[in-house]
Each structure stands twice: as structure tokens, then as C-alpha cells.
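Enquirer: mind looking at a prediction? Sequence and model below.
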Amino acid sequence: MATKITPLGRRILVKRVASEEKTAGGIFLPDNAKEKPQEAEVISLGTGKDDEGKDVVFTVAVGDKVLISKYGGTEVKLNGDDVLIINESDVLGIVA
């Protein structure tokens, strides 16, 4: 289990925001019936280098809430929490 992860290149480290456990009708959903949440919080940014070694400015910042694809990224454990390492290009939008 890792205690600290620094993404490389244009990758970012995000943690999915917990989804609702209850439907609008008041029915509680078991874990296996829930969809993976698409909303996540940015925890860490990569080194900001492209393939040629040039500096690149990130569109997102640490603490931003973002929309990500349901099945993108690589899941890893960080201090007991499940987090994802994704490419910045996999971010669908920033939640205002």
C-alpha cells in the first residue's frame, strides 16, 4: 500500500466522490447495484511535461471537482482509499 503517489507527465490523481446510497424513491442500494460515480476530486497533479519534455499547464487544479469516465484510469490504493490515476485528457469537465 502506497503512502504517497506523484503522478508523472499529464496524469492526475483523483478520488471518486461517494455516490448516493438511496434512490429518489427511498430504496437503499447494495454496493453491487451502485454505478461507479463519475464525479471525483483532484488530489494531485503530475509533473506537467509532455512527450518532448516541454512544460504544460494543467486545466484542473488540486481540489477541483471533475467529471471522469466511469471505467477510465488505473485504480490504486493510497492510505487505504481507492484512488485513480488518469490522464488529464480523460477529464470530461469541471463541476462548478
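Expert: Sure, I can see it. Residues are numbered from 1 along each chain as shown.
Enquirer: check contacts around Leu84.
Expert: Taking C-beta atoms under 8 Å, 6 or more residues apart in numbering, we find Leu84 in contact with Leu13, Val14, Lys15, Arg16, Ala40, Ile68, Gly72, Gly73, Thr74, Glu75, Val76. (Each C-beta comes from the backbone N, C-alpha and C, glycine too.)
Enquirer: in the sheet, who's paired with Ala40?
Expert: Arg16, Val66 (DSSP bridges).
Enquirer: confidence score at the spatially most distant residue from the centre of the chain?
Expert: Most distant from the centre of the chain: Gly25, at 28.7 Å, with distances by C-alpha atoms, centre = their mean. In this prediction, Gly25 carries a pLDDT score of 73.
Enquirer: secondary structure class for it?
Expert: coil (DSSP: H, G, I helix; E, B strand; the rest coil).
Enquirer: that one and Ala18, how far apart?
Expert: Counting by C-beta to C-beta, to the nearest Å, the gap from Gly25 to Ala18 is 20 Å.
Enquirer: surely Gly9 is in contact with Gly46?
Expert: Yes. At 5.2 Å, Gly9 counts as touching Gly46 under the criterion of C-beta atoms under 8 Å.
Enquirer: neighbour count: the two, which is higher?
Expert: The neighbour comparison of Gly9 against Gly46 (other C-beta atoms under 10 Å) goes to Gly46, with 18 against 14.
Enquirer: surely that one meets Ile12?
Expert: Yes. Here Gly46 lies in contact with Ile12, judged by C-beta under 8 Å, at a distance of 6.3 Å.
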